[in-house]
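> Here's my sequence, what's the structure:
(2 chains, ligands or ions: 2)
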Amino acid sequence: MRESVLHCEGLRKRFGDIQAVNGVSFEIASGESYGLLGPNGAGKTTAISIVAGLLEADAGEAFVAGERLTTRSVAAKAAIGFVPQDLAIYPDLSAHENLCFFARLYGLSAKQAHARTEEVLEVVGLSERANDQAKTYSGGMKRRLNIGIGLLHEPRLLILDEPTVGVDPQSRNAILESVEQLGEKGMAVLYTTHYMEEAERLCDRVGIIDHGELKAEGTREELVALLGEHDKVHLTGTGSLEAAANACVRIGAVDAASTGDGSIELLVKGASAALPEILTTASEAGVSVHSVEVEEPNLEAVFLHLTGRALRD
Amino acid sequence: MRAAFLITAKDLRQRVRDRSAVLVAVVAPLALAFALGATVSGFSAGSRAFTIGLVDLDHGPAASTLQDALAKAGSSVVMKDVATPAEGRRLVKDGELDGAIVLPQGLSIASMGGPPVRIDVIGDPKNPIGALVGRSIAGAFATSMRTIQIASKALGAGPAETIKIVGRVSSSSPPISISDTSTTRKNLDPKTYYAAAMAVFFLFFAVQFGISSLLHERADGTLARMLAAPISRRSILAGKAMTSLALGFVSMTMLALITRYALGAHWGNPLGVAVLIVCAVLAATAVTALVTTLAKTYEQANAWLSIVSVVLGMLGGSFFPVAQSGGVLALLSKATPHAWFLNGLQDLSSGGALSVVVEPAIVLLAITVVCGAVALVRIRRLIEP
Ligand SMILES: Nc1ncnc2c1ncn2[C@@H]1O[C@H](COP(=O)(O)OP(=O)(O)OP(=O)(O)O)[C@@H](O)[C@H]1O
Ligand SMILES: [Mg+2]
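Ligands and ions are numbered 1, 2, ... in the order given. Got it, this is the predicted structure:
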């Protein structure tokens, strides 16, 4: 078995009335990438802040590279690279200066820091603009610098909190590629996202989190297997979609339904048999159906199955 | 400790880069010491008058406020109206002017919160002192506008008030005679008095760039990043405190040296002066740290620190020797670091032995310990992501 890099057990954190994280446990092995997939407010950032040693958990414990993690544990933090959800860079310093400063905070000597800075600039594709102040960068370039800072000391565990939010598709792809490469190099990656595609593409294992609880975890295949015989039916049309969705859930074969932009997503046991009844119910509820697709089940369907809600509402 | 030094070095680099610290720590106090010292005493024999051109493209109240204020500098600075920037450049090049200031269109509106504008200064490399005078005047003017803008915002004065306040403050630079008001303590000569008074007044602004930037970094998320690094919270705090101390020391030392050699200020026994400077910088940093821990946001901290610095400066005699007015004010004055610093200098320059700085030094250190201890207890909650 591969060596465990992160192990956490029963993490809890409450903010006033909100139980942001409610008993989360998971484990990441070296070279493995683990995704926390959940909608806004699910508790991803809170969970990650505990694991990065920024927040003290109310209960539970975490170990990184065998070191017990608290907000004061210097040894555990040395093994972690942290990329926060919101940009955290000095806009009046250049990419080079930003990277060098943090490299030295992570204990690299001046010489090592310079060498690593050059390498990281290369990885995040900022070598050409390395000496310009970060405030002159585009949004995507700032994001890449934000990520680069987390890579400087070649951490055992890299924590990325929604690194692709607000990035154009091209930069997004570049970011995903560099994360994939890091995983190949043996770094353990903890990645949060509410994009199902990213979780499917990047992560060896995914934990589905909602309302602070880990609803299920496993490889993509394991999670999809939770659906059993379920298929995902994607129906587009006009009219009272909400009413149609509510009517469809009452059909025996339909497990869950949610409406999106001009569409209804249904989780159906045995789609081919149930399809006629679904279409009749939908049109009776006042929807004129334009198209029907039976899709291969994906993590989005798993989320719908586990929570009764769509990942993005 | 290594991490603390790295943080200080990073902070200082940022501060030098954005120039605001240089303006507040050196240029503004120098310019005001120069202008106020000149207003009171005129310049010592041998120093000549500077002729500075004023290109007024603004034609608004802010521009005329500057003209009024500068007219007061009388013997040392002569203002001359110039029609266009081009003419200003020509006259400076021909040596008819020592420098020129271009007040841009929209300056008055900018001072009331409109879009920012830039005050240009025309100088001739062959006449560096003339250019410095021009730059100092423009710098001090810009700073006073900004400080008053912040203050009037904090006090809730309307935008129209702002200009009036600018006018009032600049026209109230007091042409006071400060000789023979006290029998026991010989007064500093006006040049030294204002050099020291402005230095300690702006010291309280200069040290803000260290400690209170904690709030800035917290809002920007860079503090969280430091907290995720394998360094202790104590070293983050130490780094920020050292930034404040470094800015304070550099500012005070430069001002003492420059006013000593360029203005002929008599600071007194260098060792005694050094002791007073060290203690004043420590006290200013501790007071600033304390005020910072009371604020929730960077903006709030900035506003409160400006108010505290101005009030302490006024009471402490940075603008006029309050301590000699007697009564409640004199008593309040005793509670300010400014007053103890200035009194220490006065005793020192009246030829007192080095021992005269012991009392003010102890008081300044006591202020440091009290404010610093409270700040230390409270500051923990600022060093959170
Ligand atoms: N400092 C805080 N104080 C109070 N409530 C908080 C705090 N941080 C998070 N919360 C609450 O905890 C819950 C979980 O928030 P969290 O930021 O962990 O969600 P998230 O999964 O990262 O969401 P997103 O995808 O929007 O980033 C939310 O309801 C949020 O309002
Ligand atoms: Mg989040």
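> Give me the neighbour count for residue 307.
I went with chain A, as the question did not name one. Look at A:T307: counted by other C-beta atoms under 10 Å in any protein chain shown, it has 19 neighbours. (C-beta placed from N, C-alpha, C; glycine too.)
> Let me rephrase: I mean chain B.
A count of nearby residues for B:I307, using other C-beta under 10 Å, gives 15.
> for B:S355, same thing?
9.
> where does it fall, phi/psi-wise?
The phi/psi pair for B:S355 (degrees, to the nearest 10) reads phi -60, psi -20.
> try B:I52
Per degrees, to the nearest 10, the backbone of B:I52 is at phi -120, psi 130.
> pLDDT value on it, please?
B:I52 is assigned 82 on the pLDDT scale.
> Just the pLDDT for the closest residue to ligand 2 within chain A.
Nearest residue of chain A to ligand 2 (C-beta to the ion) works out as A:T45 at 3.1 Å. pLDDT for A:T45: 94.
> can I assume it sits in a helix?
Yes. Counting by DSSP: H, G, I helix; E, B strand; the rest coil, A:T45 is part of a helix.
> Just to check, it is in contact with A:L160?
No. Between A:T45 and A:L160 there is no contact under C-beta atoms under 8 Å: 11.4 Å.
> Now do the shared contacts for these two.
A:T192 (C-beta atoms under 8 Å, 6 or more residues apart in numbering or on different chains).
> okay, now the nearest residue to A:E213 once chain neighbours are set aside: neighbour count?
Excluding the flanking residues, the one nearest A:E213 by C-beta to C-beta, 6 or more residues apart in numbering or on different chains is A:N22, at 5.0 Å. Per other C-beta under 10 Å, the neighbour tally for A:N22 reads 18.
> where along the stretch 1-150 of chain A do the strands fall?
For the stretch 1-150 of chain A, the strands defined by DSSP state E, counting those that start in this stretch occupy A:4-15, A:18-29, A:33-37, A:59-64, A:67-68, A:80-83.
> picking that back up, compare neighbour counts for A:T45 and A:L160 and give me the winner.
A:L160 (26 against 21).
> In the stretch 101-250 of chain B, which residue sits nearest chain A?
Proximity of the stretch 101-250 of chain B to chain A (C-beta to the nearest C-beta) peaks at B:G221, 3.4 Å away.
> Would you check that that residue makes contact with A:P84?
Yes. The pair B:G221 and A:P84 qualifies as a contact (C-beta under 8 Å) at a distance of 5.6 Å.
> ok, the two, which is more surrounded?
Taking neighbours as other C-beta under 10 Å, B:G221 and A:P84 compare with A:P84 leading, 25 against 16.
> The more buried one: what's it in contact with?
A:146, A:161, B:221, B:224-225.
> between those, which has the most around it?
That'd be B:R225 among these, by other C-beta under 10 Å, with 26 neighbours.
> Could you chop the chain up by domain?
Going with chain A. Split into domains by automatic domain parsing, chain A comes to A:4-225, A:231-296.
> nope, chain B please
For chain B, automatic domain parsing gives the domain ranges B:2-42+B:189-383, B:49-181.
> looking at the ones you listed, which is buried most?
domain B:2-42+B:189-383 (a mean of 21; mean count of other C-beta atoms under 10 Å in any protein chain shown).
> Distance from the chain centre to that one, please.
9 Å (C-alpha atoms, centre = their mean, to the nearest Å).
> got it, and stretch A:44-52?
12 Å.
> picking up where we left off before, closest to A:D92 out of the domains of chain B?
domain B:2-42+B:189-383 (5.5 Å; C-beta to C-beta).
> average model confidence for that closest one?
Averaging pLDDT along domain B:2-42+B:189-383 yields 88.
> Spell out which parts of the stretch 1-150 of chain A neighbour ligand 1.
When proximity is defined by C-beta under 6 Å from any ligand atom, the stretch 1-150 of chain A lies next to ligand 1 at A:15, A:18, A:20, A:38, A:40-46, A:85.
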